[in-house]
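Engineer: please find the sequence and the predicted model below.
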2 protein chains.
Amino acid sequence: MALIVQKYGGSSVADAEKIKNVARRVAQTREKGNQVVVVVSAMGDTTDELIKLAYQINDRPDERELDMLLSTGEIISCTLLAMALEAMGYEAISLSGAQAGIRTDSSYSRARIQRVDPERITKELDKGNIVIVAGFQGITDEMDVTTLGRGGSDTTAVALAASLGAGVCQIYTDVEGVFSADPRLVPEAKKVSEIGYEEMLELATYGAKVMHPRAVELGELFNVPILVASSFTENPGTLIHGGVSMEVRNKVRGIAHDLDVAKITLVGIPDRPGTAAAIFEPLAKANISVDTIVQNASVNNITDLTFTIAKSQLKKAMDVVKPLARSIGAKDCASDAKLGKVSIIGTGMQNTPGYAARMFGALSEHGINIQLITTSEIRITCIIAEDKVKEAVRVLHRAFELEG
Amino acid sequence: MALIVQKYGGSSVADAEKIKNVARRVAQTREKGNQVVVVVSAMGDTTDELIKLAYQINDRPDERELDMLLSTGEIISCTLLAMALEAMGYEAISLSGAQAGIRTDSSYSRARIQRVDPERITKELDKGNIVIVAGFQGITDEMDVTTLGRGGSDTTAVALAASLGAGVCQIYTDVEGVFSADPRLVPEAKKVSEIGYEEMLELATYGAKVMHPRAVELGELFNVPILVASSFTENPGTLIHGGVSMEVRNKVRGIAHDLDVAKITLVGIPDRPGTAAAIFEPLAKANISVDTIVQNASVNNITDLTFTIAKSQLKKAMDVVKPLARSIGAKDCASDAKLGKVSIIGTGMQNTPGYAARMFGALSEHGINIQLITTSEIRITCIIAEDKVKEAVRVLHRAFELEG
């Protein structure tokens, strides 16, 4: 008998009817002779409503209290799903994160899973139960409730699949799988039937919002195959796993983009040790996430340093950087909030000539100016004007013949 | 430093503003130099809404799942109260029933507290925290969440007061305290400033819905003084405790009534051993609560047996009793669904002549016919026609000069 972990997101359990629909899908999996562990998110907007309630009472709610408050959302949905399965004649039991043995550190609102104690789940599976686990939450060694932050329920599901040795972790969501580009921008974008963890990570990090990167990372670490598919259709979805052929003819798997990019450039700074630290340590202390960093080769010991951040953090970042710019001897400190990113993603591109050239050429042919370039082993990213991003995605999707 | 346990009901924490109001009251108690443990119910109609949701999904929801679902209501209100106190600058922490060490048996939906492990609460009090505990819930030794059933949050509060050795357990509700009769029936009813546990139990059992009897029983068992008062005013309320003077001039403390009474009479049954068991064992198996039982003295070994039940259970009870009546040789089986009860309550009445006579006389003077009479050590109850109950309460309130 195979063990399957399934996860259903908030939009899949938004009301009583949708919960019954999920119950039918879980029952089908059970009927095929599998043991099933199901992870659920909170119903629809429950989490947002609880946050709103908290802020009506305290404009800076304590994180421990907020985590305990928010954890109720997933407990509600998992008890209701258990009841729906029981109404259909199946044996089911709901478990909170604490009961399911999800042990975390005590970083409230962004806790990390330290281990899973799977005894209770195993006991319930052995009794013949379908086990429903509240996603997004865990418990510290002091028995305080934590939440896992963004992508929490996906992470719960993959962690359970890893610790239970499940054959697959199925993430059911409101999209059909991973596409070669955002279908809202590129109507001819096609669903990818399989993809490697690293490629998925780059797609996820660079704007394909199908699944949170930390859950993909965890899947890679424990080699858990992850299926991403729609909870509303029977279509096959995308399988994320480690066995993807590295020698396919077209190494580009997809085009990612991100419209939320702002840039700060320090012009004419003396190229000496400690300059970068003098800038980025204060930014980190101010809790500003820096994304891409590019430093040009220095000419006469004078260089330019450019980095990108989310638009919403630009003002705060400039407040930090401006006084620093003066103190490190920069000639100027400039910013641009109207930028975006477009990336081509694919394992093995780096060792194969021509992909970068083809990307830059396609953009250039359409008059799209590249402001910054960064690359990783499986990604080439260009920072361009925000109002050119959509066109760039379409241009690259065609240039790499991703329409299939 | 004194330790005080306070409990606030659902109507006292029904929305953000009311939660802030409760926070101010808790803070006042803290400011007087007390350590404070607060027990809260779920906000307003939350519990009813969760039950409704469950029944949309399963018309016979599993009790374990329902308990876990309902437990979220109190967790929400206790985290919000902690946030409200923190917004006012106080140190506070919320604890679920499990975290607070409320250990119960596994009778879901009506669990009994077996013990309280107060280590966590004590630790938090020692740190200077105001401790907010989710009422109405506990946890089994297997870490399954239970709810305590009706009167659950009151019971949580009294159990905590007992196990922590608190000086007083304050139950804040939407009434001003315990009255000599229902003020809606008797406008001149007066608030009782203090009352004994037993008297309070009789008042509560017989229709004075101020506080659930099981919490009062627990208070008596551990000799915890319980103050019942309004959460919306500063009025003093009623103190329930063991030191009430037994030799006050007027032994009648109050008039209780109950409009929900139906009666079944088995006429002309042979008076032999086993007859009562033959009737009441099947009723118990059918989960029908029998209240008053009266059997008349037998004449020629033939007797009548009358008992009362809640009106809603009359049909079910008659379905059980009718075939039994035949098998035990009863001549007839009659029922009456239009009855009510009126009681006078007071310690020491039994040893003092005249109270019963005065009660029967007052009712008789007003043409109110008594159908059944039962007494306990501190109570005399008459079963009368439902449409005479309100008049009877007023008549008795005057007859025993309770208007003060």
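Structural biologist: Nice, thanks for sending it over. Numbers count the residues shown, from 1 in each chain, chains lettered A, B, ... in the order given.
Engineer: per-residue confidence at the closest residue to residue A:402 other than its chain neighbours?
Structural biologist: Once flanking residues are discounted, residue A:402 sits nearest to residue A:180: 3.9 Å by C-beta to C-beta, 6 or more residues apart in numbering or on different chains. Quick note: C-beta positions are derived from backbone N, CA and C, even for glycine. Per-residue pLDDT puts residue A:180 at 88.
Engineer: my guess is residue A:180 meets residue A:396, correct?
Structural biologist: No. Between residue A:180 and residue A:396 there is no contact under C-beta atoms under 8 Å: 10.0 Å.
Engineer: and those two? Which one has more around it.
Structural biologist: residue A:396 (28 against 25; other C-beta atoms under 10 Å in any protein chain shown).
Engineer: got the contact list for the more buried one?
Structural biologist: A:181, A:255, A:342, A:344, A:359, A:362, A:363 (C-beta atoms under 8 Å, 6 or more residues apart in numbering or on different chains).
Engineer: looking at those, which is nearest chain B?
Structural biologist: residue A:181 (38.8 Å; C-beta to the nearest C-beta).
Engineer: how about the secondary structure of that closest one?
Structural biologist: Using DSSP: H, G, I helix; E, B strand; the rest coil, the structure places residue A:181 in coil.
Engineer: number of nearby residues for it?
Structural biologist: 26.
Engineer: now do the shared contacts for residue A:180 and residue A:396.
Structural biologist: Common neighbours of residue A:180 and residue A:396 are listed as residue A:255 (criterion: C-beta under 8 Å, 6+ apart).
Engineer: one step back: now tabulate the contacts of residue A:396 in JSON lines and tack on secondary structure and distance to residue A:241.
Structural biologist: Output for those, formatted as JSON lines (DSSP: H, G, I helix; E, B strand; the rest coil; distance: C-beta to C-beta, whole Å):
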{"residue": "A:181", "secondary structure": "coil", "distance to residue A:241": "21"}
{"residue": "A:255", "secondary structure": "strand", "distance to residue A:241": "21"}
{"residue": "A:342", "secondary structure": "strand", "distance to residue A:241": "26"}
{"residue": "A:344", "secondary structure": "strand", "distance to residue A:241": "21"}
{"residue": "A:359", "secondary structure": "helix", "distance to residue A:241": "27"}
{"residue": "A:362", "secondary structure": "helix", "distance to residue A:241": "30"}
{"residue": "A:363", "secondary structure": "helix", "distance to residue A:241": "32"}
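Engineer: would you turn these into JSON lines with distance to residue A:12?
Structural biologist: Shown next, in JSON lines, are the contacts of residue A:396 (distance: C-beta to C-beta, whole Å):
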{"residue": "A:181", "distance to residue A:12": "24"}
{"residue": "A:255", "distance to residue A:12": "27"}
{"residue": "A:342", "distance to residue A:12": "31"}
{"residue": "A:344", "distance to residue A:12": "31"}
{"residue": "A:359", "distance to residue A:12": "36"}
{"residue": "A:362", "distance to residue A:12": "38"}
{"residue": "A:363", "distance to residue A:12": "38"}
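Engineer: same list (those residues) but as JSON lines, adding distance to chain B.
Structural biologist: Compiled in JSON lines, the contacts of residue A:396 are given as follows (distance: C-beta to the nearest C-beta, whole Å):
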{"residue": "A:181", "distance to chain B": "39"}
{"residue": "A:255", "distance to chain B": "42"}
{"residue": "A:342", "distance to chain B": "43"}
{"residue": "A:344", "distance to chain B": "46"}
{"residue": "A:359", "distance to chain B": "50"}
{"residue": "A:362", "distance to chain B": "52"}
{"residue": "A:363", "distance to chain B": "50"}
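Engineer: ok, those residues vs residue B:61, which is closest?
Structural biologist: residue A:181 (45.0 Å; C-beta to C-beta).
Engineer: thought the closest one was touching residue A:203?
Structural biologist: No. Using C-beta under 8 Å, residue A:181 is not in contact with residue A:203; the gap is 9.6 Å.
Engineer: find residues that contact each of the two.
Structural biologist: What both residue A:181 and residue A:203 touch, as defined by C-beta under 8 Å, 6+ apart, is the set A:254, A:256.
Engineer: all strands for the stretch 101-250 of chain A, in order.
Structural biologist: A:102-104, A:113-116, A:130-134, A:137-139, A:145-147, A:168-173, A:194-195, A:226-230, A:238-240 (DSSP state E, counting those that start in this stretch).
Engineer: mean pLDDT lowest where, among those strands?
Structural biologist: Per-stretch mean pLDDT for the strands of the stretch 101-250 of chain A is lowest at strand A:194-195 (a mean of 90).
Engineer: what helices or strands is that strand leaning on?
Structural biologist: Contacts defined by 3 or more C-beta pairs under 8 Å, 6 or more residues apart in numbering or on different chains; DSSP states H and E place strand A:194-195 against strand A:238-240.
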